[in-house]
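*Asks:* Structure, please.
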Amino acid sequence: MVELTPIEQVVVKAMEELGANKDTVIKTADDITKKSNRPKGLVNNALVALTQKGVVKRVAREKASGYYIINKPA
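*Replies:* Purely as a prediction, here's the structure:
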């Protein structure tokens, strides 16, 4: 099981509420920042960590990268 920090938990929860749990529904860091009501830098760092832990997938796009949950932690 992957251990998440409190900010990572907030980010995953915000992504779930936004419906970003499949590759057809991807959200930008800005979307997640607004939903989680946390500073953008904190959210970006959490997204990088979640990507490294294999919880979130990053999709490079033309304007802004998008993210979605691939492996929801228990």
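
*Asks:* just for this protein, where's the confidence low?
*Replies:* 1, 74 (pLDDT under 70).

*Asks:* run the last query once more with 80
*Replies:* Filtered on pLDDT under 80, the chain yields the residue ranges 1-2, 72-74.

*Asks:* All the strands of it, residue numbers only.
*Replies:* 27-28, 56-59, 66-69 (DSSP state E).

*Asks:* Give me the helices and strands touching the shortest one, please.
*Replies:* It stands for strand 27-28. Other helices and strands packing on strand 27-28, by 3 or more C-beta pairs under 8 Å, 6 or more residues apart in numbering; DSSP states H and E, are strand 66-69. Where C-beta positions appear, they are placed from N, C-alpha and C, glycine not excepted.

*Asks:* from what I can see I7 touches R38, true?
*Replies:* Yes: using C-beta atoms under 8 Å, I7 is in contact with R38, at 6.7 Å.

*Asks:* can you pull the buried residues of stretch 23-33?
*Replies:* 26-27, 29, 31-33 (16 or more other C-beta atoms under 10 Å).

*Asks:* need the strands of the chain in TSV with distance to V2, can you?
*Replies:* Output for the strands of the chain, formatted as TSV (distance: least, C-beta to C-beta, whole Å):
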stretch	distance to V2
strand 27-28	20
strand 56-59	11
strand 66-69	12
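
*Asks:* Most tightly packed of those strands?
*Replies:* A comparison of these by mean neighbour count, using mean count of other C-beta atoms under 10 Å, puts strand 66-69 on top with a mean of 21.

*Asks:* Within the sheet, what are the partner strands of that one, with directions?
*Replies:* If you go by DSSP bridges, strand 66-69 pairs up with strand 27-28 (antiparallel), strand 56-59 (antiparallel).
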